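Enquirer: When you get a sec, could you give me coordinates for this:
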Amino acid sequence: MTKLIRQLGLAMSVLFFVAAWAGVIITYFSTDSIAAFTVAVTVAALATEILVWALAIIGGWTLFANRRKLWDRLTGDAG
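Expert: Down below sits the predicted model:
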């Protein structure tokens, strides 16, 4: 049951993230209103923050504790 809740929470976070950034792109190309674009970007930034925290909670804190090692592995840095 807890695995299902984790998957559901992560799926909802990713869906909110993608929808928010799609909203930014749609707002950018469909309106000249700076206020509307600012609101869309603010919502997308909050969605990104929610996704990061959801990943931190689901993935565990060790991922963030070892982020330098993980980043070096992803980018191929040996140092």
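
Enquirer: contact partners of stretch 25-36?
Expert: With contacts defined as C-beta atoms under 8 Å, 6 or more residues apart in numbering, stretch 25-36 is touched by Phe37, Ala40. C-beta here means a position set from N, CA and C on the backbone, and glycine is covered the same way.

Enquirer: taking the mean pLDDT, what do you get for that stretch?
Expert: Stretch 25-36 carries an average pLDDT of 96.

Enquirer: Please identify the buried residues of that stretch?
Expert: Thr27 (16 or more other C-beta atoms under 10 Å).

Enquirer: ok, now stretch 7-15?
Expert: By 16+ other C-beta under 10 Å, the buried positions in stretch 7-15 come out as Leu10, Ser13.

Enquirer: next one: the helix or strand hosting Leu55 to chain centre, how far?
Expert: If you go by DSSP states H and E, Leu55 is part of helix 34-59. Distance of helix 34-59 from its chain centroid, counting by C-alpha atoms, centre = their mean, to the nearest Å, is 6 Å.

Enquirer: Could you pull out the buried residues of that helix?
Expert: For helix 34-59, by 16+ other C-beta under 10 Å, it's Ala40, Val41, Val43, Ala44, Ala47, Leu51, Ala54.

Enquirer: Lowest-confidence entry in the residues you listed?
Expert: Ala54 (87).

Enquirer: Distance-wise, check that one relative to Thr42.
Expert: 19 Å (C-beta to C-beta, to the nearest Å).

Enquirer: got any ranges where this protein has weak pLDDT?
Expert: 1, 61-65, 78-79 (pLDDT under 70).

Enquirer: Longest helix in it, please.
Expert: The residue-count maximum for a helix in the chain (DSSP state H) belongs to helix 2-30.

Enquirer: okay, the angle between it and helix 34-59?
Expert: 160 degrees (axes from the mean of the first three to the mean of the last three C-alpha atoms, to 10 degrees).

Enquirer: quick thing: my sequence starts at 481, can you match it?
Expert: Will do, 481 is the new start, and the previous item becomes helix 482-510.

Enquirer: Any idea how far helix 482-510 is from the middle of the chain?
Expert: Distance, centroid of helix 482-510 to centroid of chain: 8 Å (C-alpha atoms, centre = their mean).
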